[in-house]
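Undergrad: A predicted structure for the sequence below; I have some questions about it.
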Amino acid sequence: MKATKIYDKQYQWYMFGRDPGKKEGIIDTNQYMIKTDSRTILLDPGGIEVFASMLTAVLHYVSVEDITDLFASHQDPDIISSLGLWEEALPHAKLHTPWIWEGFIRHFGSKNITFAPIADEGGTLDLGDAQLQFIPAHYLHASGNFHVYDAEAKILMSGDVGAALEAEGAPMYVEDFDEQIDKMKMFHQRWMPSNRAKQDWINRVRQLDIEIMAPQHGRLFKGDDVKRFLDWFEELEVGLAIPK
Amino acid sequence: MSSKNSENILITAATVTAELSNVRKIAKEMSIAVMNAKAISHRAGEAALGFRPITDFIDEMAQDVMQLVIKISKEAFELSQMAVERTHIINTEQQYNRVLASGKDARYIDSLKPVVNKIHRQYLVYQETLQKNIVRLTLLLDDIQSSTKGSQVLSTTSRVEASRARNFSASLEVVADNLEQATDKIRYHVKSSRNKLDNVLEILKRETIR
């Protein structure tokens, strides 16, 4: 699995993805890690299928004892079905996840991990050098859903928002926004159920200073492409599986 | 170490449960037949006096079998649960071994070794617990075989006593025949369960030695 450092100052953000060993038919996922001097959190650590390659990649940068926290934006298998496997190595880690999914996520072989449920209005997490905010993104696409914002690094980990269905080995960052639209239009129209939820999220996110928007699938948005995405998403009608 | 063996254990546990459901049904039918025999021997009066203690004995045997079936079903359920957990541990160990193999050049790979050792110890504990559970199950199955051991003698005695019951002898002979058939069926189901468990136990022992 490819690892890319996307922020490197007092602490680091890493993106893991573009796994060449991934089995055919499994959607490619981006996993993230924030490492400070005292703590390390894995954001949407991935499904069972990518566990071994994800852990191998992570061990190039941190030891297992240094991983203190996990975050699951929602309950999907590609987000956190590896939980039962991570638990064996991280018995003392905390899992930060929307409160409504705790009982569901425990179905992923979870026995001992401490759940730190996130209330609907969001919350914060102090990782020492890094201060994280859990930004509500409910119904985008899961009914309980959070994104992670780091004001210092100006990074928004945006879960399925901004996601695209890409060919294998796609570049790490969006290079031409107009070309990217084709890859993400259907995904947002079909996976995102609510225009009202979409607008609420856009209003919230427009208040944030974002240099990188980092989705869980596809390419990352940098600089002006973040604003381009928000403008495009605002105009897009979602929830199209139900005919008018 | 193989998760395929866990599947075998799961299938065996399910099969034993199904076989025992049959045993329980037969024992229940025996118990009902005995009630009927008691009523007949009561009506036969003095002529069936020798048959009455036999019906008590058959009833006791049927009750014993039903009690044992309840215990065995509980053990078989625990066996299936353990087989599922064992599969999880085996899969986990395989995943971690994959990381050890592919991450040899990773800077922090050594931090994983205590984790892998811990997982392997868990696997060995499951292996031992499973074997103990299977042995307990086989002993309970042996108890059923022991409970039904005297049935052939009992059935012969029943026939002798039935023949003395004059007008009622035909009805009581049917009871004696049914008893023999029922216990034969019970012993068949129990033996079949026992064989399956013995096979699984053998596989587990071989796996542990390896």
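TA: On my side now, so go ahead. Residues are numbered from 1 along each chain as shown, chains lettered A, B, ... in the order given.
Undergrad: Run a quick neighbour tally on the nearest residue to A:Lys183 once chain neighbours are set aside.
TA: Spatially, and ignoring its direct neighbours in sequence, A:Lys183 is nearest to A:Ala164 (3.9 Å; C-beta to C-beta, 6 or more residues apart in numbering or on different chains). Any C-beta I mention is one placed from the backbone N, CA and C, and that applies to glycine too. A:Ala164 has 19 neighbours, counted by other C-beta atoms under 10 Å in any protein chain shown.
Undergrad: so what's residue 63 up against?
TA: I'll assume chain A. Counting by C-beta atoms under 8 Å, 6 or more residues apart in numbering or on different chains, A:Ser63 touches B:108, B:110-111.
Undergrad: let's do chain B instead
TA: B:Gln63 touches B:27, B:31, counting by C-beta under 8 Å, 6+ apart.
Undergrad: Please report how far it lies from A:Leu127.
TA: 65 Å (C-beta to C-beta, to the nearest Å).
Undergrad: Helix or strand, whichever it is, which one in chain B has the lowest mean pLDDT?
TA: helix B:151-163 (a mean of 80; mean pLDDT, DSSP states H and E).
Undergrad: check which helix or strand covers the nearest residue to B:Lys113 once chain neighbours are set aside.
TA: Counting by C-beta to C-beta, 6+ apart, B:Lys113 lies nearest to B:Leu100, which is 7.7 Å off, once chain neighbours are set aside. Secondary structure assignment for B:Leu100, by DSSP states H and E: helix B:51-102.
Undergrad: any idea of the mean pLDDT in that helix?
TA: Averaged across helix B:51-102, the pLDDT comes to 88.
Undergrad: Next, the angle from it to helix B:151-163.
TA: Interaxial angle of helix B:51-102 relative to helix B:151-163 (axes from the mean of the first three to the mean of the last three C-alpha atoms, to 10 degrees): 160 degrees.
Undergrad: Tell me the gap between helix B:51-102 and the middle of its chain.
TA: 8 Å (C-alpha atoms, centre = their mean, to the nearest Å).
Undergrad: Now, of the contacts of A:Ser63, which are buried?
TA: B:108, B:111 (16 or more other C-beta atoms under 10 Å in any protein chain shown).
Undergrad: how would you label A:Ala116: helix, strand or coil?
TA: strand (DSSP: H, G, I helix; E, B strand; the rest coil).
Undergrad: Give me the neighbour count for B:His120.
TA: Counted with other C-beta under 10 Å, B:His120 comes out at 15.
Undergrad: same question but for A:Lys111, I mixed them up
TA: Counted by other C-beta under 10 Å, the residues lying close to A:Lys111 total 12.
Undergrad: I'd say it and A:Trp86 touch.
TA: No. The pair A:Lys111 / A:Trp86 is not scored as a contact, 11.7 Å apart, by C-beta atoms under 8 Å.
Undergrad: Check which helix or strand the residue of chain B most remote from its centre maps to.
TA: Here the centre of chain B is the reference, and by C-alpha atoms, centre = their mean the most remote residue is B:Arg107, at 51.6 Å. Assigned by DSSP H and E, B:Arg107 belongs to neither a helix nor a strand.
Undergrad: That one and A:Ser63, how far apart?
TA: Taking C-beta to C-beta, one finds B:Arg107 at 8 Å from A:Ser63.
Undergrad: For residue 175, report the pLDDT, please.
TA: Assuming you mean chain A. Predicted confidence (pLDDT) for A:Glu175: 96.
Undergrad: nope, chain B please
TA: pLDDT, B:Val175: 79.
Undergrad: For it, give me its contacts.
TA: For B:Val175, the contacting residues are B:33-34, B:36-37, B:40, B:55, B:158, B:162, by C-beta under 8 Å, 6+ apart.
Undergrad: again, but for B:Ile119
TA: A:88, B:89, B:92-93, B:96.
Undergrad: If any of those residues are buried, put those into a ChimeraX selection.
TA: Only the buried members of those enter the following ChimeraX selection, criterion being 16+ other C-beta under 10 Å:
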select /A:88 /B:89,92,93,96
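Undergrad: Would you mind putting the contacts of B:Ile119 into a markdown table with distance to A:Lys244 alongside?
TA: Putting the contacts of B:Ile119 into a markdown table (distance: C-beta to C-beta, whole Å) gives the following:
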| residue | distance to A:Lys244 |
| --- | --- |
| A:Glu88 | 49 |
| B:Ile89 | 51 |
| B:Thr92 | 48 |
| B:Glu93 | 53 |
| B:Tyr96 | 51 |
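Undergrad: Enumerate every residue touching the residue nearest the centre of chain A.
TA: Centroid check for chain A by C-alpha atoms, centre = their mean gives A:Gly159 as the closest residue, at 3.7 Å. Counting by C-beta under 8 Å, 6+ apart, A:Gly159 touches A:44, A:73-74, A:137, A:140, A:145-147, A:215-216.
Undergrad: Phi and psi next, for it.
TA: Main-chain dihedrals, A:Gly159, degrees, to the nearest 10: phi 50, psi -130.
Undergrad: In terms of pLDDT, where does it sit?
TA: 98.
Undergrad: Which positions in chain A make contact with chain B?
TA: Neighbours of chain B within chain A, by C-beta under 8 Å from any C-beta of the partner chain: A:48, A:51-53, A:55-56, A:59-65, A:84-85, A:88-89, A:109.
Undergrad: Quick check: helices, which of those residues are part of them?
TA: A:51-53, A:55-56, A:84-85, A:88-89 (DSSP state H).
Undergrad: Buried only: go through the residues you listed for me.
TA: Applying 16+ other C-beta under 10 Å to those flags A:51-53, A:55-56, A:84-85, A:88-89 as buried.
Undergrad: which one of those sits closest to A:Trp191?
TA: Closest approach between these and A:Trp191, by C-beta to C-beta: A:Phe51, at 23.6 Å.
Undergrad: Would you mind writing the PyMOL command to select the buried ones in the contacts of B:Val175?
TA: Listed next is the PyMOL selection for buried residues among these, using 16+ other C-beta under 10 Å:
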select buried, chain B and resi 33+34+37+40+55+158+162
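Undergrad: Can I get the contacts of B:Val175 in a markdown table including distance to chain A?
TA: As requested, these are exported to a markdown table (distance: C-beta to the nearest C-beta, whole Å):
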| residue | distance to chain A |
| --- | --- |
| B:Ala33 | 47 |
| B:Val34 | 48 |
| B:Asn36 | 50 |
| B:Ala37 | 52 |
| B:Ile40 | 57 |
| B:Thr55 | 52 |
| B:Ser158 | 55 |
| B:Ala162 | 59 |
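Undergrad: Now distance to B:Tyr126 too, for the contacts of B:Val175, in JSON lines please.
TA: Formatted as JSON lines, the contacts of B:Val175 follow (distance: C-beta to C-beta, whole Å):
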{"residue": "B:Ala33", "distance to B:Tyr126": "43"}
{"residue": "B:Val34", "distance to B:Tyr126": "43"}
{"residue": "B:Asn36", "distance to B:Tyr126": "48"}
{"residue": "B:Ala37", "distance to B:Tyr126": "48"}
{"residue": "B:Ile40", "distance to B:Tyr126": "53"}
{"residue": "B:Thr55", "distance to B:Tyr126": "46"}
{"residue": "B:Ser158", "distance to B:Tyr126": "47"}
{"residue": "B:Ala162", "distance to B:Tyr126": "53"}
